[in-house]
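Enquirer: Need a 3D model of the sequence below.
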Amino acid sequence: MEPITGEKPVIKVEPPQQEYEEKKHIIRYRQIVWYVWLVLEALLLLRFLLKLFGANPLSLFSLLVYILSTPFTFIFFGLFPSTVDPSSRNEIEWSTLFAMLFYAVVAFLVSRYFRLKKPIDPLEAETKVEDTIP
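Expert: Next up, the predicted model:
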């Protein structure tokens, strides 16, 4: 039924629907966090492997990987000394490994934060309380 003024009708959203929408958004945010983390980890792993196997730094692919990954490893430069093989260009970049670990912890914490924001219904709360009581 439309109001006489010509405005669109107001649709009342029931609380279960609101909870469903909120849970759906939180799940989507968590998925985005893990997807971004996966892409970042793949990029950092490529950087680490290229340095480890002594890839030509002037190659277009390695140059692209280095340029894309530098903003994510910049704050970790100099944190740990790199291990370099004097007879070749092989290098173990420990700071990149630490960056990978750091970003994994950050992704885990952000994902947990979104999980804490998820609305909980009374039945779910009661079940969780009963599960924790010995």
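Enquirer: which residues in the protein form helices?
Expert: 15-52, 60-73, 94-117, 122-132 (DSSP state H).
Enquirer: elements contacting the longest one?
Expert: Helices and strands touching helix 15-52, by 3 or more Cβ pairs under 8 Å, 6 or more residues apart in numbering; DSSP states H and E, are helix 60-73, strand 91-92, helix 94-117. Just so you know, the C-beta spots here come from the backbone N, C-alpha and C atoms, and that holds for glycine as well.
Enquirer: So which of these is nearest residue 80?
Expert: helix 94-117 (3.8 Å; Cβ to Cβ).
Enquirer: still on that earlier bit, can you redo the helices of the chain as JSON lines with mean neighbour count?
Expert: Below are those laid out as JSON lines (neighbours: other Cβ atoms under 10 Å):
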{"stretch": "helix 15-52", "mean neighbour count": "15"}
{"stretch": "helix 60-73", "mean neighbour count": "14"}
{"stretch": "helix 94-117", "mean neighbour count": "15"}
{"stretch": "helix 122-132", "mean neighbour count": "9"}
